[in-house]
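S.K.: Whatever this is, show me its structure:
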Amino acid sequence: MQTILVIDDDESLRDTIAVMLDQEGFRPVLEANGRTGFEKALTLKPDLVLVDLRLPGMSGVEICKQLRAAQLRTPIIVLSALGDEVDKVLLLEIGADDYLVKPFGTRELLARIRAVLRRASPDARKVVHFSDVEVDLERRLVRRRGEELKLTPAEYNLLTYFLQNPDRPLTRDMILNSVWGYEFFPNTRTVDAHVVKLRQKLEPDPNTPRHFLTVHGVGYRFLP
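M.R.: Model (predicted):
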């Protein structure tokens, strides 16, 4: 289970984020003070830090700078208020991986979290094999029996999401949030249609799937 440290002095927002993370299978750890949040990040070494720009004790900018100075490579997403002067270039220079302006939807936040975690994953630089399929995650190449396959961006992103969550029941909503994100609101039939396409391209026998399995009443499960 991946741990996400949330450093924000807005109790209501903190609790809302915590409930969402918990529902999505993450372990949320909450801090209201910048200084104690920074110290918690150093000791806990979470998988990701969500940090507000304006905090008592220590600012979000200072937290980013100090974490990077301490050689902590944990991904950081900065949360800023609508009126804050957000300089994206500055945020990237101080070590933030992404930022979100409040108010934001939980679906948007979740999509950003998953995208940042995906980029930071050691798996992002690996070649993964299952059956007679080879997926080069760094070069975004998919081969079957040595021959390169053409996958649409959505098919490829769905495949990598399955690869990152092996043998885990995934609901259609989880898949929608993670693969299509907050900018696009397809219905769950979109997921079904793309799973069918992956089966046709990657299964030894698409009519009797061995890898992309239907979990009735839930969604899908990928078995390498």
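S.K.: Break down the protein into its strands, ranges please.
M.R.: Counting by DSSP state E, the segments of the chain that form strands are 3-7, 27-31, 48-52, 76-80, 98-101, 127-130, 133-136, 141-144, 147-148, 170-171, 212-215, 219-222.
S.K.: Check the ones you listed for me and report the most buried one.
M.R.: Among those, ranked by average contacts under mean count of other Cβ atoms under 10 Å, first place goes to strand 48-52 (a mean of 26). The C-beta positions use only the backbone N, C-alpha and C, and glycine is treated the same way.
S.K.: In the sheet, which strands lie alongside it, parallel or antiparallel?
M.R.: Note on strand 48-52: by DSSP bridges, its sheet partners are strand 3-7 (parallel), strand 76-80 (parallel).
S.K.: How far does it sit from its chain's centre?
M.R.: 13 Å (Cα atoms, centre = their mean, to the nearest Å).
S.K.: Could you measure from the residue positioned nearest the centre of the chain over to E62?
M.R.: Nearest residue to the geometric centre of the chain (Cα atoms, centre = their mean): R114, 0.9 Å. The gap separating R114 from E62 is 27 Å, by Cβ to Cβ, to the nearest Å.
S.K.: So what does the residue nearest to T160 when sequence neighbours are not counted look like in phi/psi?
M.R.: Nearest non-adjacent residue to T160, counting by Cβ to Cβ, 6 or more residues apart in numbering: L137, 6.5 Å away. Note on L137: its backbone torsions stand at phi -70, psi -20 [degrees, to the nearest 10].
S.K.: Pretty sure L137 sits against V128.
M.R.: Yes - counting by Cβ atoms under 8 Å, L137 touches V128, with 6.5 Å between them.
S.K.: Touching both of these two, which residues are there?
M.R.: Jointly contacting L137 and V128 under the rule Cβ atoms under 8 Å, 6 or more residues apart in numbering are L163.
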